[in-house]
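Asker: Here is my input, please return the structure:
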Amino acid sequence: MAYTSWRGTVGVVKPTMRPGSLEEFIRMMPEGIGIIPLFIGFQRGTADEFQQAMKAYEERVAQLAGYGVDLIHPEGAPPFMFQGVKGERRTIRAWERKYKIPMVTAGQTQIEALKALKARKILGVTYFTGKINQTFARYFVEAGFEVLAMEGIPVDFEDVGKLAGQEVYAHTRNLFLKHKGADAIYMLGSGWRTLDIIELLEQDLQVPVVHPVPARVWAIQKRLHVNESVMGYGRLLEEMV
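Answerer: Just a heads-up that it's a prediction; the model follows:
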């Protein structure tokens, strides 16, 4: 069975049942690109939960491949970041060979976006705390970036969507001023509702911001040979670099 749309169809694997990012993603995608979502259902957001998720991801990937989509996007950066850049690449290549559908992870879209923006030194902000942020930092170091910091806001995993944009802005600004020299800001995770502060951060701090939702919209457009700019969410989508 094949489900098609006139500019292409993408199957996405959402990591949680949390509302917000899927709606944002659909609103930002150009007309004519179809989206079929499936879900994993993470509840704790812990290292062990992420590391045990590959079987569940592949099950959803196989289901989407059966629908005949043009592209598969397994969302949720942390589970793949635990594999490292090379391990992640091996997993995706193996799935592509097996299911005959091109694929790209969240982390891969973010690496591509940072490189397109010519970033070398990045500052990362997350909604995780503790050693897991070191895993995220290592992933980007392996990808060739200098990570000045990768620091999170203390918040329960289920309450991420309740963080006020102003709170995330203040956290990000303070880290940027503390860790001098970043030429891009990276926001890990699409659970928080922070699209409204991307332009403000770019305006005030004078560096580009890579947020997961615009990064996936940008990367998916590129793969479907669509080039439609989207205003209001930062340089990446406005300039379609």
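
Asker: Toward the C-terminus, what is the element adjacent to the longest helix along the chain?
Answerer: Determined from DSSP state H, the single longest helix within the chain is helix 84-99. Downstream of helix 84-99, the first helix or strand assigned by DSSP states H and E is helix 106-116.

Asker: Which other helices and strands does the helix or strand following that following helix contact?
Answerer: Proceeding N to C from helix 106-116, the next assigned helix or strand is strand 121-126, under DSSP H and E. Strand 121-126 sits against helix 132-142, strand 146-152, helix 165-178, strand 184-187, with contacts defined as 3 or more CB pairs under 8 Å, 6 or more residues apart in numbering; DSSP states H and E. Yep, even glycine has a C-beta here, placed from its N, CA and C like the rest.

Asker: what's next to strand 121-126, contact-wise?
Answerer: For strand 121-126, the external contacting residues (CB atoms under 8 Å, 6 or more residues apart in numbering) are 114, 133, 136-137, 140, 145-153, 168, 171-172, 175-176, 179, 181-189.

Asker: In contact with the closest residue to residue 169 other than its chain neighbours, which residues are there?
Answerer: In space, residue 169 comes closest to residue 197 once its chain neighbours are excluded; the distance is 4.6 Å by CB to CB, 6 or more residues apart in numbering. Going by CB under 8 Å, 6+ apart, residue 197 touches 165-166, 168-169, 172.

Asker: and residue 197, helix, strand or coil?
Answerer: Under DSSP: H, G, I helix; E, B strand; the rest coil, residue 197 falls in the helix class.

Asker: Tell me how far the one helix or strand in the chain whose mean pLDDT sits lowest lies from the chain's centre.
Answerer: Within the chain, no helix or strand scores below helix 47-51, which has a mean of 91 by mean pLDDT, DSSP states H and E. Here helix 47-51 is found 17 Å from its chain centre; the criterion is CA atoms, centre = their mean, to the nearest Å.

Asker: Give me the buried stretch members for that helix, please.
Answerer: Going by neighbour count (16 or more other CB atoms under 10 Å), the buried part of helix 47-51 is 47, 49-50.

Asker: Grab the most central residue of this protein for me.
Answerer: Of all residues in the chain, the one closest to the mean position by CA atoms, centre = their mean is residue 212, 3.2 Å from it.

Asker: Ignoring the adjacent residues along the chain, who's closest to that residue?
Answerer: residue 190 (4.2 Å).

Asker: Give me the phi and psi for the one you found.
Answerer: Main-chain dihedrals, residue 190, degrees, to the nearest 10: phi -110, psi 20.

Asker: and what of residue 236?
Answerer: Per-residue torsions, residue 236: phi -50, psi -50 (degrees, to the nearest 10).
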